[in-house]
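Participant: give me the fold of what follows.
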Amino acid sequence: MPESAPSSDTPQPESTQQQSKKEEKAASFGAVFLTTFTTVFLAELGDKTQLAALLLSAESGRPVLVFIGASLALISSSLVGVVLGRWLSRVLPPGQLERLAGILMIALGLWLGRQAAVSMFPLA
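Facilitator: This is a model prediction of the structure:
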């Protein structure tokens, strides 16, 4: 009688389990990396940082130095966000952290909107 493939109820050999964990970890790495890259890339398109780099490059005539400086600045500010996010994830539950991030984004939007309105329509 031919042997059938092991069912999901039977324990898998150690090497198969380890391989499955490695594949799951690789898929998780790729998903996190791609999501992070896409989110940050799209968020930074057309923002004031990109415009500042554009102007600095045009004014200085040294685009490579502007690129290096802007890249190091983005890396540094991202590091602050990652370290702070890691700490907050240990202190606050995920749902509360999401609400806090949402409130912060709304507050920043209102503050920037107020600044724009004041500059467009000065009171005095």
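Participant: which is the next helix or strand following the helix or strand bottoming out on mean pLDDT in the chain?
Facilitator: Taking mean pLDDT, DSSP states H and E as the measure, the chain has helix 14-44 as its least confident helix or strand, at a mean of 80. Sequence-wise, the next helix or strand downstream of helix 14-44 (DSSP states H and E) is helix 48-60.
Participant: following that following helix, which helix or strand comes up?
Facilitator: helix 63-91.
Participant: for that next one, buried residues please.
Facilitator: Val66, Ala70 (16 or more other CB atoms under 10 Å). All C-beta spots, glycine's among them, are computed from the backbone N, C-alpha and C.
Participant: okay, which residue is most central for the protein?
Facilitator: The centroid of the chain falls nearest to Thr36 when counting by CA atoms, centre = their mean (4.1 Å).
Participant: look up how far Trp87 lies from that residue.
Facilitator: Going from Thr36 to Trp87 by CB to CB, to the nearest Å gives 18 Å.
Participant: mind listing what Met120 touches?
Facilitator: Contacts for Met120 (CB atoms under 8 Å, 6 or more residues apart in numbering) come out as none.
Participant: you'd agree Gln50 is up against Glu44?
Facilitator: Yes: counting by CB atoms under 8 Å, Gln50 touches Glu44, with 6.0 Å between them.
Participant: name the SS class of Leu123, please.
Facilitator: On the three-state scheme (DSSP: H, G, I helix; E, B strand; the rest coil), Leu123 is labelled coil.
Participant: number of residues surrounding it?
Facilitator: For Leu123, the count of nearby residues is 4 (other CB atoms under 10 Å).
Participant: where does pLDDT dip in the protein?
Facilitator: The model of the chain has pLDDT under 70 over residues 1-15, 20-23, 25-26, 124.
Participant: outline the domain layout of it.
Facilitator: The chain breaks down into these domains under automatic domain parsing: 25-91, 93-124.
Participant: now distance to Gln18 too, for these, in CSV please.
Facilitator: Formatted as CSV, those follow (distance: least, CB to CB, whole Å):
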stretch, distance to Gln18
domain 25-91, 11
domain 93-124, 29
